[in-house]
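S.K.: fold the following.
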Amino acid sequence: MGAERVRRIGLIGLGRMGLPICERFVEHGFEVVCTDLDGARRDLGARAGAATVGAPDQVAAGVDVVVSVLPGPAEVTAVAEAVTAAMPSAAVWLDLSTASPAAARVTAAAAQRHGVAVVDAPLGGGPPAAREGRLLSFAGARAEHLERVRAVLEAVADRVVHVGPPGSGYVVKLLANALWFGQAVATAEALTIARRAGLDAELVRAALSESAASSRFLADDARALLDGDDMPWLALARCDEQLRSLAMFADELSIPADVLNAVRDVHTAALEHYGDVDGELLGARFAAERAGISFGAATPGTDADGGGLDGAGADVAGAGAGAA
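M.R.: Numbering: from 1, shown residues only. Purely as a prediction, here's the structure:
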């Protein structure tokens, strides 16, 4: 089955990313049958022009490609047996979820039992990028299997990077997210020091973004941190889960990942503090707020005791969204 012959897609998951992906598939002329545990989300899929069914195995029957967009590794492994058992032998399971190496072993074993192919191709970018087809895909697959689903991937991703064999897409996506979370926490700490020293945090951010420390995070996403925007595209518990998955994999490889573990510890503490709320930047916000600094509405360089180089009090002018 060449990529040009994909006609019918079975889509599992109609959440924040799954629904705009469903819309893109329909707009690109694919026949889509979809499902979600939430009936209201299935209704949204129907409004987008997809047929709906009640269970993953029903989605998988009679399609050319099964696409899953699920919250995490537990959800992926939970459907692995039913999906692969119901798929036609010529079909490919294209998983766009951010899962884990452990999940890859489960899906690979299920696929082998039932004689089907699996491609892991987790996505970078949020719902707005999904709606516009501007996602980045890290694909782990045999080359011939990736080519069979390339047209499906390119309906939602303008960049598809083949990073290695099956399972490697999950690894690279976890690495990308861990580096982003690490930059977020490190940047929050740096800007917290600047604020406590009486400096304008935005001016410091701009200056650092022109320095050897420059990064895409400093240039772009750090502005959201300073504005009090927690980037609510991903639940804090999922951020913590991803860091834990990568830390476990590092441990399997006997890698003493001290920085990764420190970033994971910050997010675990943030989860305990805020609860399971939405916000990719809540780990960074926690790094600042435990020092008494709240970014957002606060006036740079002020705190409860007058701030500046001599001030030791907490900056209480702003309130973090995660604390609400």
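S.K.: what about His273, how many residues nearby?
M.R.: His273 is flanked by 16 other residues according to other CB atoms under 10 Å. All C-beta spots, glycine's among them, are computed from the backbone N, C-alpha and C.
S.K.: go on, Val26?
M.R.: Neighbour number of Val26 under other CB under 10 Å is 19.
S.K.: how far away is the residue nearest to it when sequence neighbours are not counted from Ser214?
M.R.: Of all residues not flanking Val26 in the chain, Gly49 sits nearest, at 4.0 Å (CB to CB, 6 or more residues apart in numbering). Look at Gly49 and Ser214: by CB to CB, to the nearest Å, they are 43 Å apart.
S.K.: which one of those two has more residues nearby?
M.R.: Shown here are Gly49 and Ser214; by other CB under 10 Å, Gly49 has more neighbours (14 against 11).
S.K.: pretty sure Ala219 is touching Ser209, no?
M.R.: Yes. Counting by CB atoms under 8 Å, Ser209 is a contact partner of Ala219 at 4.6 Å.
S.K.: for Glu81, grab phi and psi.
M.R.: phi -70, psi -50 (degrees, to the nearest 10).
S.K.: pretty sure it contacts Gln112?
M.R.: No. At 11.9 Å, Glu81 and Gln112 do not qualify as touching, with contact defined as CB under 8 Å.
S.K.: who's more crowded, the two?
M.R.: Neighbours around Glu81 and Gln112, counted as other CB under 10 Å, are more numerous at Glu81. The numbers are 17 against 12.
S.K.: what's near enough to touch the more buried one?
M.R.: Ala110 (CB atoms under 8 Å, 6 or more residues apart in numbering).
S.K.: Cys270 sits in which helix or strand?
M.R.: You called it Cys, but residue 270 is Ala. Ala270 is part of helix 258-274, with elements assigned from DSSP states H and E.
S.K.: tilt between the helix or strand following that helix and helix 258-274?
M.R.: Next helix or strand after helix 258-274 toward the C-terminus (DSSP H and E): helix 282-289. Using axes from the mean of the first three to the mean of the last three CA atoms, to 10 degrees, one finds that helix 282-289 and helix 258-274 are set 80 degrees apart in direction.
S.K.: which outside residues touch helix 282-289?
M.R.: Against helix 282-289 from outside (CB under 8 Å, 6+ apart): 181, 184-185, 187-189, 191-192, 195, 225, 230, 236, 239, 263, 266-267, 269-270, 273-274, 279, 294-295, 320-323.
S.K.: who does the helix holding Ala270 touch, helix- and strand-wise?
M.R.: Where contact means 3 or more CB pairs under 8 Å, 6 or more residues apart in numbering; DSSP states H and E, helix 258-274 is packed against helix 168-196, helix 236-252, helix 282-289.
S.K.: and the helix or strand bottoming out on mean pLDDT in the chain, how far out from the chain middle?
M.R.: The weakest-scoring helix or strand in the chain, judged by mean pLDDT, DSSP states H and E, is helix 216 (a mean of 93). Chain-centre distance of helix 216: 17 Å, with CA atoms, centre = their mean, to the nearest Å.
S.K.: many thanks, have a good one.
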